[in-house]
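> show me how the following folds:
(one chain, ligands or ions: 1)
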Amino acid sequence: MVDEQTKVVIIPEFLTVRQLANLMDVSPIDIIKELMNAGLMVNINQQIDFDTAAIVASEMGFEAQPEAALAEEEEEEAIPVKQQFIAGEAPEDLVPRPPVVTILGHVDHGKTKLLDAIRHTNVAEGEAGGITQHIGAYQITHQGKHITFLDTPGHEAFTAMRARGAQGADIAVLVVAADDGVQPQTKEAIAHARAARVPIIVALNKIDKPNANPDLVKQQLADVGLTVEEWGGETICVPVSAKYETNIDELLENILLVSEVADLRANPNRPAVGTVVEGKLDKSKGPMATVLVQNGTLRVGDAVVIGEIYGRVRAMFNDRGQRVEEAPPSMPVLISGLSDVPAAGDILEVVENERTARLIANKRAAERQEAAVRPKEVFTLDDLYNQFQAGQVKELNLIIKADVQGSIEPIVTSLQKLGDESLQVNILHQGTGHITESDIMLAVASRAIVIGFNVTVDPAARRMAESEGVDVRVYDIIYKLIDDVDKALKGLLEPVYEDVTIGHAEVRAVFRVPNVGKVAGVYVLDGEITRNSLVRVHRGEEVIYEGQVASLKRFTEDVKEVKAGFECGVGLANFDDFEEGDIIEAYRKERVS
Ligand code: GDP
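Numbers count the residues shown, from 1 in each chain. Have a look, this model is predicted:
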């Protein structure tokens, strides 16, 4: 029983000293003093767990209760992504594994330099020897704990992995130059990290520069929803200088802290599952791949299948070029012994033997070839409603690109009003500028639709959207944009078609064919006429018929198409009242929205 004097405080699983002080409405100093009495030296922004917080709370006359419901909810949300490779494992088989970290940020803000600084300051610890190799990822040891870094900076690699269904990283370090602040790619990186639901740690870089302005950058970060801890937010922000290797240790400590909270685990005692970080063809060793082991342990001699590629691990090398016999969870290794070079994001699985590996790989190749002749499954505004009805979609993910910031706000505000509690409009990313490949990749990875306002689509982005089946829509009237999304949500979107003329032919003779009626002997003036064409018959200014081709013949042969400069016989469906001099216009309908 809680007596009348005891106040109840609801405490989450982890919280900072400051948060605990706020919850109990006491001074953080008092909490720090209590913790010191218990032998713990902490600062105001440090995280403590529920048990520690509960002891402090009871010392200070509070009854602590766990924020169980909320914790459960958060866990549920995190599982599908973070723990995709350990679903089905018994909890007792799982042990902590090192975090996998990706470095994101605007160009020239120092991502590469920071990766070099981290590696340089931490190779030594007990693992000296070997020469640094660039294999796409490396592992360091800090305070006796491992951390893996993906060393292809930028969100392209990370999102490419996600687009293929692999969880690229557990934590994103967002590099922001203190002399340049939040820039377009910074915002893009934030959108990518949020879409992947990975925690973001800000590395405020270049603090050595005389024109560095950390406070301004913190304000800009707050404006994009990343309020730093010292301003009462939840975002960890570590000022660093990659150039002078300043504060790198503190950054690593925070990475370890976040990783502990995330409670990353894997089962090392099972056959490995991993993700390809990069692939290459080595002149002497043949196809090779850097694999990040995500669950289980990968060993030399294991039979593996990676998509349609199979093999047996002949040799494994770590990021120092040293041979290793086995790779536990979160360890990146370069492997040889594959039938071909895999792509980043492909999933590696260990199977019983090489024969099984080959069978699976071949079956997948056959299935892909079969699928190639079927139209690709696309995610468009039109079929959104059907998928929603079938319970497959509960949110509509959108990426918005507009010409100027001023147009984005009204669009976003109106779009957000459209959803309801059963179907939410979720704006993953908004920005100014053209629609680029990066937008398409984010759309693929998150099954989103890309909406442009007064912008164009880069040719490369257009190609990617077509091959990946991403719906990209460009508007120049806000009302029309909102209306289309609204209709899609209500399942009312009517496709719009436009007529595209493909050729003209002139009627030069009219024949009567028994049992068929009259057919026209025509000369194709330009373009072509095909058996599937829709047609209009023009007589002078007038259109006297609209319909489709019923028969198309060259001499007595049925043909599929007749090009400009050739003669042919044309029969039309439900029309035979031809006259010499009529012009037959062939066209097809093309979907425009
Ligand atoms: P990336 O494009 O984000 O990978 O940026 P880089 O790592 O290539 O760095 C861009 C430029 O900024 C290079 O000229 C670096 O030397 C410089 N740079 C990176 N970090 C720092 C830093 O902490 N301080 C200073 N003064 N310059 C830095």
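> the strands in the stretch 201-350 of the chain, which residues?
For the stretch 201-350 of the chain, strands defined by DSSP state E, counting those that start in this stretch occupy the ranges 236-239, 265-266, 273-282, 286-295, 298-299, 303-306, 309-317, 323-324, 326-327, 332-338, 347-351.
> and this structure, which residues reach the ligand?
Contact residues, the chain versus the ligand (C-beta under 6 Å from any ligand atom): 105, 107-113, 153, 205-206, 208-209, 241-243. Any C-beta I mention is one placed from the backbone N, CA and C, and that applies to glycine too.
> which of the strands of the stretch 201-350 of the chain sits closest to Gly406?
Of all those, it is strand 236-239 that lies closest to Gly406, at 29.4 Å by C-beta to C-beta.
> where in this structure is the helix or strand with the lowest mean pLDDT?
helix 68-82 (a mean of 38; mean pLDDT, DSSP states H and E).
> other SSEs contacting the helix or strand hosting Ile502?
Ile502 is located in strand 497-513, with elements delineated by DSSP states H and E. Packing contacts for strand 497-513, counted by 3 or more C-beta pairs under 8 Å, 6 or more residues apart in numbering; DSSP states H and E, involve strand 517-530, strand 567-572, strand 583-591.
> still on that earlier bit, now the element after the least confident helix or strand of the chain, going C-ward?
Next element after helix 68-82 (DSSP H and E): strand 95-96.
> mind listing the strands that following strand pairs with, and their directions?
Under the criterion DSSP bridges, strand 95-96 sits next to strand 265-266 (antiparallel) in its sheet.
> so what's the gap between the strand it pairs with and the chain middle?
Put simply, strand 265-266 sits 23 Å off its chain's centre (C-alpha atoms, centre = their mean, to the nearest Å).
> quick thing: my sequence starts at 7, can you match it?
With 7 as the first residue, the last one maps to strand 271-272.
> what comes into contact with that strand?
If you take C-beta atoms under 8 Å, 6 or more residues apart in numbering as the criterion, strand 271-272 is touched by Gln89, Phe91, Ile92, Leu100, Val101, Pro102, Arg103, Gln300, Asn301, Gly302, Pro335, Ser336.
> contact partners for Thr303?
With C-beta under 8 Å, 6+ apart, Thr303 has these contacts: Pro274, Asn275, Arg276, Ala278, Glu332, Ala333, Pro334, Pro335.
> and those residues, which are buried?
Those of the contacts of Thr303 that meet the buried threshold are Pro274, Ala278, Glu332, Ala333, Pro334, Pro335, by 16 or more other C-beta atoms under 10 Å.
> please report how far the first one lies from Val297.
When C-beta to C-beta, to the nearest Å is applied, the distance between Pro274 and Val297 equals 15 Å.
> one more: Asp186?
35 Å.
> ok, the two, which is more surrounded?
Val297 (32 against 19; other C-beta atoms under 10 Å).
> with adjacent residues omitted, what lies nearest to the more buried one?
Among residues not flanking Val297 along the chain, Gly280 sits closest, at 4.4 Å (C-beta to C-beta, 6 or more residues apart in numbering).
> correct me, but Ile366 touches Val311?
Yes - using C-beta atoms under 8 Å, Ile366 is in contact with Val311, at 4.8 Å.
> of those two, which one has the most company?
Val311 (25 against 16).
> tell me what the more buried one is bridged to.
Tyr316, Glu355.
> and the helices in the stretch 407-556 of the chain?
411-424, 443-452, 465-474, 484-496 (DSSP state H, counting those that start in this stretch).
> quick one: contacts for the residue in the stretch 257-406 of the chain that the ligand sits nearest to?
Residue nearest to the ligand within the stretch 257-406 of the chain: Leu257 (11.9 Å; C-beta to the nearest ligand atom). Shown in contact with Leu257 (C-beta under 8 Å, 6+ apart): Ile124, Val179, Ile207, Ala209, Val244, Val246.
> if we go to 10 Å?
By C-beta atoms under 10 Å, 6 or more residues apart in numbering, the residues touching Leu257 are 107, 120, 123-124, 148, 179, 207-211, 242, 244-246, 248.
> could you do Leu263 as well?
Neighbours of Leu263 in contact, by C-beta under 10 Å, 6+ apart: Phe20, Gln52, Gln53, Ile207, Ile242.
> apply 8 Å and report the result again.
Gln53, Ile242.
> equivalent analysis for Leu258, please.
So Leu258 contacts Ile124, Asn128, Ile146, His148, Gln149, Ile153 (C-beta under 8 Å, 6+ apart).
> ok, which pair from those residues is furthest apart?
Most distant of those, by C-beta to C-beta, are Ile124 and Gln149, 13.8 Å apart.
> the more surrounded of these two?
Counting neighbours by other C-beta under 10 Å for Ile124 and for Gln149 shows that Ile124 has the greater number, 28 against 10.
> check the offset of stretch 577-590 from the chain's centre.
With C-alpha atoms, centre = their mean, you get 54 Å for stretch 577-590.
> averaged pLDDT, it. What do you get?
Average pLDDT, stretch 577-590: 93.
> how long is it end to end?
With C-alpha to C-alpha, to the nearest Å as the measure, stretch 577-590 spans 11 Å from end to end.
> just among the contacts of strand 271-272, which is most surrounded?
Pro335 (29 neighbours).
> doesn't Gln300 make contact with that residue?
Yes - with contact defined as C-beta under 8 Å, Pro335 reaches Gln300; the gap is 6.5 Å.
> ok, now how distant is Asp482 from the ligand?
34 Å (C-beta to the nearest ligand atom, to the nearest Å).
> and the pLDDT at the nearest residue to the residue of the stretch 257-406 of the chain closest to the ligand once chain neighbours are set aside?
Here the nearest residue to Leu257 in space, its sequence neighbours aside, is Val244; by C-beta to C-beta, 6+ apart that works out to 4.6 Å. Here the pLDDT value assigned to Val244 is 97.
> tally of neighbours for Val244?
21.
> so in terms of bridging, what pairs with it?
Beta-bridge partners of Val244, as defined by DSSP bridges: Ala209.
> quick check: it touching Ile213?
No - with contacts counted by C-beta under 8 Å, Val244 stays clear of Ile213, the gap being 9.8 Å.
> quickly list what's touching both of the two.
Common neighbours of Val244 and Ile213 (C-beta under 8 Å, 6+ apart) are Asn253.
> any common contacting residues for Ile366 and Val311?
Common contact partners of Ile366 and Val311 (C-beta under 8 Å, 6+ apart): Val357.
> so where is the stretch 157-306 of the chain shaky, pLDDT-wise?
Residues of the stretch 157-306 of the chain meeting the criterion pLDDT under 70: 159-164, 166, 168-173.
> leaving out chain neighbours, which residue sits closest to Pro335?
Ala272 (3.6 Å).
> from Met337, how far out is that neighbour?
11 Å.
> also Val62?
Val62 is 38 Å from Met337, by C-beta to C-beta.
> those two: who's more crowded?
Neighbours per residue (other C-beta under 10 Å) separate Val62 from Met337, with Val62 holding more: 27 against 24.
> so that one is in which element?
When elements are assigned from DSSP H and E, Val62 belongs to helix 56-65.
> mind listing what's buried in that helix?
Buried-residue list, helix 56-65, by 16+ other C-beta under 10 Å: Phe56, Thr58, Ala59, Ala60, Ile61, Val62, Ala63.
> just name the closest of those to the ligand, please.
For the buried residues of helix 56-65, with the ligand as the reference and C-beta to the nearest ligand atom as the criterion, the closest is Thr58, at 35.2 Å.
> got the CA positions of the helix or strand that contains Glu194 in PDB?
For Glu194, the element it lies in under DSSP H and E is helix 190-201. The C-alpha coordinates for helix 190-201 follow below in PDB (Å, rounded to 0.1, in the frame of the first residue of the first chain):
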ATOM      1  CA  PRO A 190      19.400  19.900 -47.500                       C
ATOM      2  CA  GLN A 191      21.300  16.600 -47.300                       C
ATOM      3  CA  THR A 192      21.200  16.800 -43.500                       C
ATOM      4  CA  LYS A 193      17.400  16.900 -43.700                       C
ATOM      5  CA  GLU A 194      17.400  14.000 -46.200                       C
ATOM      6  CA  ALA A 195      19.600  12.000 -43.900                       C
ATOM      7  CA  ILE A 196      17.300  12.600 -41.000                       C
ATOM      8  CA  ALA A 197      14.300  11.500 -43.100                       C
ATOM      9  CA  HIS A 198      16.200   8.300 -44.000                       C
ATOM     10  CA  ALA A 199      17.200   7.500 -40.500                       C
ATOM     11  CA  ARG A 200      13.700   8.200 -39.200                       C
ATOM     12  CA  ALA A 201      12.100   6.000 -41.900                       C
END
